[in-house]
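Trainee: Return a 3D structure for these sequence lines:
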Amino acid sequence: DNGTPTDPTDDLAASYVSGDTDGDTLLDVGETWTFDASGTAVAGQYSNLAVTTGTPPVGTPVSDDDPSHYFGSAPVIVIEKATNGDDADVPTGPIVEAGSTVTWTYEVTNPGNVELSGVVVIDDNGTPGDATDDFSPAFIGGDTDFDGDLDPGEIWTYEASGTAIAGQHGSIAVAEAASPIGQDVTDDDPSHHFGSDPVIVIENATNGSDADTPTGPVVEAGSLVTWTYVVTNPGNIELSGIAVVDDNGTPGDLTDDFAPSFVGGDTDGDSKLDPGETWTYQATNTASAGQYGNTADVTGTPPVGSPVSDDDPSHYLGVTAALSGRIWLDEDRDGIEQPGDAGVESITVTLYAASDLTTPVATTTSAPDGTYVFTDLPAGDYVLGIDIPGDMMSSPANVGGDDSVDSDLDPGTHLTASVSLPAGGLVA
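Mentor: So this is what the prediction gives:
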């Protein structure tokens with residue numbers, strides 16, 4: 001009946017194989033005839049009923065029937081991996097702090113129709129091409145009848161944890177098992193997370209000079225000073241709530257702190273400092289007399305974790321009347337100061353009145369960046385002398401005709417030409 005006792009339309013006749021020993025097509029007493037048929041096993045419990053009939057020489061036909069059964073094994077295993085409770089089959093998954101603990105949970109189920117033995121769960125640890133660092137998460141529970149087999153309807157749970165690395169991470173869990181008749185089944189499931197590594201950097205410049213250390217640019221007291229603040233995000237995650245504050249040169253007094261004006265840089269207009277963006281701010285004020293230093297501070301908040309911050313100082317020297325300059329290492333010996341030429345520090349510089357080259361007016365030494373300055377000078381004509389170390393020599397003087405970049409020092413006398421300083425003036 002092909003397993004459908006109420007539907008004769010799909011009944012089938014088995015094929016005769018053998019048994020009619022005398023070839024008379026009669027089932028003689030003592031003979032055993034064999035028939036067979038085949039079909040594709042269906043999943044689950046199956047039964048069919050075979051019926052045979054025969055007609056004797058006299059009387060009515062005789063018949064008999066006999067059932068038979070099989071169980072079609074259709075094993076299935078399913079694994080679901082979650083990161084910090086999030087399925088996260090596709091990136092980015094949950095955003096977590098780099099260095100924090102990540103917890104992976106694995107649920108293994110059997111939606112098939114037979115129990116499964118030899119259940120194994122393996123995580124590739126995010127390196128699918130490298131089996132050496134694969135690991136097996138710890139079994140938590142779910143084997144309700146404690147038979148060691150994953151029965152249909154049971155949910156077995158596993159768990160593992162690790163330290164979040166910076167950036168995008170994805171790993172794949174694989175579950176394997178076998179049916180009672182040796183059918184191997186497997187399933188896999190990915191999960192992802194993003195390790196947040198927030199960083200923010202600010203660069204504070206005075207009149208275009210980084211000036212992290214004094215003296216910084218020499219400016220005329222009462223002139224306008226411009227500060228430029230460049231804020232960048234070299235981290236791997238966007239930052240919100242960006243705040244830039246300048247201490248106005250009074251680190252112990254918050255009452256005069258100010259926020260410079262935002263100039264631009266938010267290229268996508270989302271009010272978040274994205275990795276790779278450069279935001280620019282600006283402020284101006286009147287230069288005061290004397291050495292001045294201010295510190296700019298910036299803070300930003302990542303999607304997870306604590307805010308990040310950075311600060312950067314800048315300096316200037318406000319003078320009423322001054323002479324300043326820079327001593328640099330002229331490695332190509334052309335007498336022209338090139339961008340990037342290193343300054344020479346601790347060189348003694350002597351200031352003379354042009355009318356008396358024997359009596360110093362003042363002396364100073366060059367700063368680490370090679371700069372030097374003489375301040376609060378009366379108007380007059382001056383000459384500068386440089387004390388050149390024995391292992392160095394003076395570059396050619398007045399080469400190229402651009403007094404802003406050529407050397408002004410006479411190689412023979414180690415003195416400059418006379419420089420006229422007006423009242424309240426600034427000569428560099």
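Trainee: my guess is Ile242 meets Asp297, correct?
Mentor: No. Using Cβ atoms under 8 Å, Ile242 makes no contact with Asp297, being 11.5 Å away. Backbone N, C-alpha and C define where each C-beta goes, glycine included.
Trainee: Which of those two has more residues huddled nearby?
Mentor: Ile242 (19 against 16; other Cβ atoms under 10 Å).
Trainee: any idea which element the more buried one lies in?
Mentor: Assigned by DSSP states H and E, Ile242 falls within strand 240-246.
Trainee: which secondary structure elements does that strand contact?
Mentor: Counting contacts by 3 or more Cβ pairs under 8 Å, 6 or more residues apart in numbering; DSSP states H and E, strand 240-246 is packed against strand 224-232, strand 278-286, strand 290-301.
Trainee: Direction included, what does the second one pair against?
Mentor: In other words, strand 278-286. If you go by DSSP bridges, strand 278-286 pairs up with strand 224-232 (antiparallel), strand 261-264 (antiparallel).
Trainee: same thing with the longest one?
Mentor: Applying DSSP bridges to the sheet, strand 290-301 is found paired with strand 240-246 (antiparallel), strand 308-319 (antiparallel).
Trainee: on that earlier part again, so which of the strands paired with strand 278-286 is the most packed in?
Mentor: Stretch with highest mean neighbour count among these: strand 224-232 (a mean of 19; mean count of other Cβ atoms under 10 Å).
Trainee: which secondary element of this protein has the worst mean pLDDT?
Mentor: strand 426-427 (a mean of 65; mean pLDDT, DSSP states H and E).
Trainee: one step back: wait, which of the strands paired with strand 278-286 is closest to Ile77?
Mentor: Each of the strands paired with strand 278-286 has some distance to Ile77 by Cβ to Cβ; the shortest is strand 224-232, at 49.4 Å.
Trainee: Now that closest one: average pLDDT?
Mentor: Throughout strand 224-232, pLDDT has a mean value of 98.
Trainee: distance from the centroid: which residue in the chain tops it?
Mentor: Distance to the chain centre peaks in the chain at Val58, reaching 93.4 Å (criterion: Cα atoms, centre = their mean).
Trainee: what about Asp270, which helix or strand?
Mentor: Applying DSSP H and E, one finds Asp270 in no helix or strand.
Trainee: and it, what is it in contact with?
Mentor: By Cβ atoms under 8 Å, 6 or more residues apart in numbering, Asp270 lies in contact with Glu238.
Trainee: quick revisit: out of the strands paired with strand 290-301, indicate the one that is most buried.
Mentor: Among the strands paired with strand 290-301, strand 308-319 has the highest mean neighbour count (mean count of other Cβ under 10 Å), at a mean of 20.
Trainee: pLDDT weak spots in this protein?
Mentor: For the chain, the stretches flagged by pLDDT under 70 are 423-428.
Trainee: Give me the most central residue, it.
Mentor: Centroid-nearest residue in the chain, with Cα atoms, centre = their mean: Gly167, separated by 3.1 Å.
Trainee: Check the gap between that residue and Asp266 for me.
Mentor: Distance of Gly167 to Asp266, given as Cβ to Cβ, to the nearest Å: 24 Å.
Trainee: swap in Asp334?
Mentor: Counting by Cβ to Cβ, the gap from Asp334 to Asp266 is 44 Å.
Trainee: With Thr101 instead?
Mentor: In this structure, Thr101 and Asp266 are 34 Å apart, going by Cβ to Cβ.
Trainee: for Ala259, same thing?
Mentor: Counting by Cβ to Cβ, the gap from Ala259 to Asp266 is 16 Å.
Trainee: who has more neighbours, the two?
Mentor: Taking other Cβ under 10 Å, Ala259 and Asp266 do not tie; Asp266 has more neighbours (15 against 11).
Trainee: can you list contacts of stretch 165-172?
Mentor: Counting by Cβ under 8 Å, 6+ apart, 81, 91-93, 98, 104, 123-126, 128, 188-197, 236 sit against stretch 165-172.
Trainee: for it, which positions count as buried?
Mentor: Across stretch 165-172, burial judged by 16 or more other Cβ atoms under 10 Å covers Ala166, His169, Gly170, Ser171, Ile172.
Trainee: Bridged to the third one, which residues?
Mentor: So the one you mean is Gly170. Beta-bridge partners, per DSSP bridges, of Gly170: His192.
Trainee: how near is it to Tyr158?
Mentor: When Cβ to Cβ is the yardstick, Gly170 and Tyr158 sit 18 Å from each other.
Trainee: Contact partners for the closest residue in space to Gly343 that isn't next to it in sequence?
Mentor: Once flanking residues are discounted, Gly343 sits nearest to Gly370: 2.3 Å by Cβ to Cβ, 6 or more residues apart in numbering. Contacts of Gly370 were listed using Cβ under 8 Å, 6+ apart, and they are Arg326, Ile327, Trp328, Ala342, Gly343, Val344, Glu345, Ile347.
Trainee: Was I right to think the last one contacts Ile327?
Mentor: Yes. Here Ile347 lies in contact with Ile327, judged by Cβ under 8 Å, at a distance of 5.1 Å.
Trainee: Specify which residue of the two has the higher count of neighbours.
Mentor: More crowded of Ile347 and Ile327, by other Cβ under 10 Å: Ile327, with 24 against 18.
Trainee: My read is that the more buried one contacts Ala342, right?
Mentor: No. The pair Ile327 and Ala342 fails to qualify as a contact (Cβ under 8 Å) at a distance of 10.2 Å.
Trainee: residues near Asp212, how many?
Mentor: Count around Asp212 with other Cβ under 10 Å applied: 15.
Trainee: Tell me who's in contact with it.
Mentor: Counting by Cβ under 8 Å, 6+ apart, Asp212 touches Asp312, Pro313, Ser314, His315.
Trainee: What's the separation between it and Gly293?
Mentor: Taken as Cβ to Cβ, the span from Asp212 to Gly293 is 10 Å.
Trainee: intersection of neighbour lists for the two?
Mentor: With Cβ under 8 Å, 6+ apart, Asp212 and Gly293 have common neighbours Pro313, Ser314, His315.
Trainee: Can you lay out the residues you listed as TSV showing distance to Gly216?
Mentor: Converted to TSV, those look like this (distance: Cβ to Cβ, whole Å):
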residue	distance to Gly216
Pro313	9
Ser314	7
His315	3
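Trainee: where along the stretch 301-428 of the chain do the strands fall?
Mentor: 308-319, 322-326, 348-353, 356-365, 371-375, 380-386, 419-421, 426-427 (DSSP state E, counting those that start in this stretch).
Trainee: ok so, going back, what residues are shared contacts of Ile347 and Ile327?
Mentor: Joint contacts of Ile347 and Ile327 (Cβ under 8 Å, 6+ apart) are Ser366, Gly370, Tyr372, Ile386.
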